[in-house]
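Chemist: coords below, sequence missing:
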């Protein structure tokens, strides 16, 4: 039995997802643990996503707090499962992305894997994105290879949509290499707007967005961003789509009701995903959704309306909990690294070839 732990902290900064998986004879989710992100750490990590004073020291301190949180969660998970550190072959730790600029040749995930190994007594594999960027790739998304491993045996053309802070698609078709790319904002703008207007961290079930109406002028302005007409491979992050980006567009238009802005942001997310899918895989028969967006009922309803000829459902339809797919993916990528198996897909990232991803910090 090969056991791995995956630790994922996404752009939504809501918390740490920790997944325990078994890889033989098939990929199986064994147990999970979630730790909410402390407010002080969340604020600091968010501020580190843009330039600021003393950011090198601040990022070094912030990642120590992040690692201590992750180690605490891993020990809790092990205790609950009556496992010892030596029962786990490796931890795949994504770390926390604070900058992602592949066009400038770098991507930065903080997470001090050396400290994580010391605190857990388990081998840690981390820094998964840098090698792909060094090979000329986007370094993202990396989950399509895992989606392919999970779902390739299903018949027909299907897409897997991950909606966290940002959205990305994995395109799976018979006898073809998996394809994929980032579509644009997922929850990042929806979360930022509702937090600014109502002090809430997210729009539960999309209820606030559903109470408003789409503003065509605002939607047109948002869709004019060059990212949306760029074809894959492509990736994006908070460097491009953030609250100042939204505020700049709003400042050039008449005032809108706040709930209408939220409705328009939900439409932006759904529409950019569907347009990307229809361009890249027009014959998709099924769209499987994972990540936090799978719980947004208004969003899922809108996807189904925009894709009347495809089945839209959560990955739960195939027995895979949508909340844990990304954490599972980085556990699997740790396995790939240790076994010398390439973890990227050039058809997704645009890298010059297959590469083994990750740096190993032995226990």
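Modeler: Structure received. Everything numeric here is computed off the predicted structure, so don't read it as measured data.

Chemist: the strands in the chain, which residues?
Modeler: Assigned by DSSP state E, the strands in the chain fall at 3-9, 15-22, 28-36, 90-101, 106-110, 124-126, 158-163, 166-172, 179-185, 286-290, 311-314, 359-361.

Chemist: which of the residues in the fourth one are buried?
Modeler: In this case it means strand 90-101. Buried residues in strand 90-101, counting neighbours by 16 or more other Cβ atoms under 10 Å, are found at 90, 91, 92, 93, 94, 95, 96, 97, 98, 99, 100. (Each C-beta comes from the backbone N, C-alpha and C, glycine too.)

Chemist: For the fifth one, report the pLDDT, please.
Modeler: It refers to residue 94. Residue 94 is assigned a pLDDT of 97 by the prediction.

Chemist: relative orientation of the helix or strand bottoming out on mean pLDDT in the chain and strand 286-290 in degrees?
Modeler: The least trusted helix or strand in the chain, going by mean pLDDT, DSSP states H and E, turns out to be helix 144-151, with a mean of 91. Here the directions of helix 144-151 and strand 286-290 differ by 110 degrees (axes from the mean of the first three to the mean of the last three Cα atoms, to 10 degrees).

Chemist: Please work out how many residues are found near the closest residue to residue 113 other than its chain neighbours.
Modeler: Using Cβ to Cβ, 6 or more residues apart in numbering and skipping the chain neighbours, the partner closest in space to residue 113 is residue 126 (3.7 Å). Counted with other Cβ atoms under 10 Å, the neighbours of residue 126 add up to 26.

Chemist: so where's the longest helix in the protein?
Modeler: Longest helix in the chain, counting residues (DSSP state H): helix 55-80.

Chemist: in that helix, what counts as buried?
Modeler: 59, 62-63, 66-67, 69-74, 77-78.

Chemist: Counting by contacts, list what that helix packs against.
Modeler: Applying 3 or more Cβ pairs under 8 Å, 6 or more residues apart in numbering; DSSP states H and E, one finds that helix 55-80 contacts strand 3-9, strand 15-22, strand 28-36, helix 39-47, strand 90-101, strand 106-110, helix 113-120.

Chemist: Just name the most buried of the ones you listed.
Modeler: Among those, strand 3-9 has the highest mean neighbour count (mean count of other Cβ atoms under 10 Å), at a mean of 27.

Chemist: any residues touching it, and which ones?
Modeler: 15-23, 30, 37, 66, 70, 73-74, 77, 83, 87-96, 111, 122, 326-335 (Cβ atoms under 8 Å, 6 or more residues apart in numbering).

Chemist: Same check on stretch 257-271?
Modeler: 163, 167, 184-187, 189-190, 193-194, 197-198, 203, 206, 208-215, 218-219, 222-223, 246, 250, 256, 293, 296, 298-299, 302-303, 306.

Chemist: Identify those among those residues that sit within helices.
Modeler: Among these, the members found in helices (DSSP H) are 189-190, 193-194, 197-198, 208-210, 218-219, 222-223, 246, 250, 298-299, 302-303, 306.

Chemist: List only buried entries from these.
Modeler: Buried, going by 16+ other Cβ under 10 Å: 189-190, 193-194, 208-210, 218-219, 222, 246, 250, 298-299, 302-303, 306, out of these.

Chemist: Determine the number of other residues adjacent to the closest residue in space to residue 205 that isn't next to it in sequence.
Modeler: Using Cβ to Cβ, 6+ apart and skipping residues adjacent in sequence, the residue nearest residue 205 is residue 297, 4.6 Å away. Here the count is done by other Cβ under 10 Å, and residue 297 has 13 residues near it.

Chemist: was I right about residue 297 contacting residue 206?
Modeler: Yes - taking Cβ atoms under 8 Å as the definition, residue 297 is a contact partner of residue 206 at 5.8 Å.

Chemist: hmm, back to that, per-residue pLDDT of the residue nearest to residue 205, please?
Modeler: On pLDDT, residue 297 comes in at 95.

Chemist: what do you get for the one 4 residues further on?
Modeler: As predicted, residue 301 sits at a pLDDT of 97.
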